[in-house]
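Participant: Sequence and computational prediction follow.
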There are 2 protein chains.
Amino acid sequence: MLPFEVQHQPGKPVSEQLIYAVKKAVAQGRLQTGDSFPSVRTLSRELRINPNTAQKAVTQLTQAGILEIEPGIGTRVRKQAKLSTAEASAILDEPVESLVIEAKRLGLTLEQLEARMRKTWKNLNH
Amino acid sequence: MLPFEVQHQPGKPVSEQLIYAVKKAVAQGRLQTGDSFPSVRTLSRELRINPNTAQKAVTQLTQAGILEIEPGIGTRVRKQAKLSTAEASAILDEPVESLVIEAKRLGLTLEQLEARMRKTWKNLNH
DNA sequence: CTAGGTGTATTAGTGCTCATAGGACACCTA
DNA sequence: TAGGTGTCCTATGAGCACTAATACACCTAG
């Protein structure tokens, strides 16, 4: 059994959905620092996707600092390094602005958006 | 002069960047209800993109309820209809969850994320 | 040492989206 | 009528996503 769930939405790249599922599992604590991560071939078999697609996701997750490779042995969940404010900004600025624009367009108030975000935050805690 | 700015980022579809720029301009109030919107051919000329690409953006913005067409005359910014809570949820749930996951991964607290969002909200007011 | 696991790389082919190009039509206004 | 508007059509090229089948270097367990 895999330590995360992937819901394949047609139209979106399979590799990106796998990446998102892993990020979500890490945020939820279902994947913790030091946990061993399924091999490329296991992912391929369990998710019924091509080994290359699985490897693409693993490669990007490694470059993102979420997984780390031990050559010849396997992959583990890496200890998350704390990033600087500038680095966090570079990553978050776009999705934050995009979300705010969408919320304004839908007629929400700032308070309503914050309430929705707090709820989502707490739902991800376990 | 166009009532919005489009910054072409290579790798992302031109039509989607145009759509995003228009949404942003509406959220900022640079485009207001009733304002006339540039024609497909004007967009094509000013932005140096194909007329089909411009039309694709206009079509999607119309379907999203942001623009409205007056046949033979032109396009206008439509009055925003207030959506139900359920409809707003369907649109916002995904980006909110995605943002929360990313913020948690980067080690931010809920308070830090809210502060960043409030700042972005206010910066878009004018 | 060998067998079997790991990540990695290569080459090839298919299908889809994006963007471009050129042309055409129905509609409305001046 | 002339010129603007949105809309539609076919065609082409580029790039990406995914699949497929190999092959290689590395490490561990037996």
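Facilitator: Received it, and whenever you're ready, just let me know what you need. Residues are numbered from 1 along each chain as shown, chains lettered A, B, ... in the order given.

Participant: going forward, measure contacts between C-alpha atoms and count neighbours the same way
Facilitator: OK.

Participant: ok, which residues in chain A are in contact with chain B?
Facilitator: A:23-24, A:26-27, A:80, A:82-83, A:88, A:92, A:95-97, A:99-107, A:110, A:114, A:117-118, A:120-121 (C-alpha under 8 Å from any C-alpha of the partner chain).

Participant: From those, list just the buried residues.
Facilitator: Taking 16 or more other C-alpha atoms under 10 Å in any protein chain shown as the criterion, what is buried in the residues of chain A next to chain B is A:23-24, A:26-27, A:88, A:92, A:96-97, A:99-106, A:110, A:114, A:117-118, A:120-121.

Participant: Tell me the first helix or strand C-terminal of the single longest helix found in chain A.
Facilitator: When chain A is parsed with DSSP state H, its longest helix is helix A:85-105. Where DSSP states H and E defines the elements, the next helix or strand beyond helix A:85-105 is helix A:110-123.

Participant: Give me the mean pLDDT for that next one.
Facilitator: The average pLDDT for helix A:110-123 rounds to 96.

Participant: secondary structure class for the residue nearest the centre of chain A?
Facilitator: By C-alpha atoms, centre = their mean, chain A has its centre lying nearest to A:Lys23, at 2.0 Å. Following DSSP: H, G, I helix; E, B strand; the rest coil, the label given to A:Lys23 is helix.

Participant: Would you mind measuring the gap between the ends of stretch A:65-83?
Facilitator: Stretch A:65-83 has an end-to-end distance of 11 Å (C-alpha to C-alpha, to the nearest Å).

Participant: Which residues does it contact?
Facilitator: The contact list for stretch A:65-83 (C-alpha atoms under 8 Å, 6 or more residues apart in numbering or on different chains) reads A:23, A:31-39, A:58, A:61-62, B:105-107.

Participant: again, but for stretch A:46-61
Facilitator: A:2, A:14-16, A:18-19, A:40-41, A:43-44, A:67.

Participant: hmm, which of these are the buried ones?
Facilitator: A:14-15, A:18-19, A:40, A:43-44, A:67.

Participant: Restricting to those, which residues neighbour DNA strand C?
Facilitator: A:Val40 (C-alpha under 7 Å from any atom of the strand).

Participant: And the buried ones among the contacts of stretch A:46-61, which is closest to DNA strand C?
Facilitator: Closest approach between the buried ones among the contacts of stretch A:46-61 and DNA strand C, by C-alpha to the nearest atom of the strand: A:Val40, at 3.9 Å.

Participant: Could you check how far the closest one is from A:Thr75?
Facilitator: The value you get for A:Val40 to A:Thr75, if C-alpha to C-alpha is used, is 9 Å.

Participant: ok, now how distant is A:Met1 from chain B?
Facilitator: Separation of A:Met1 from chain B (C-alpha to the nearest C-alpha, to the nearest Å): 23 Å.
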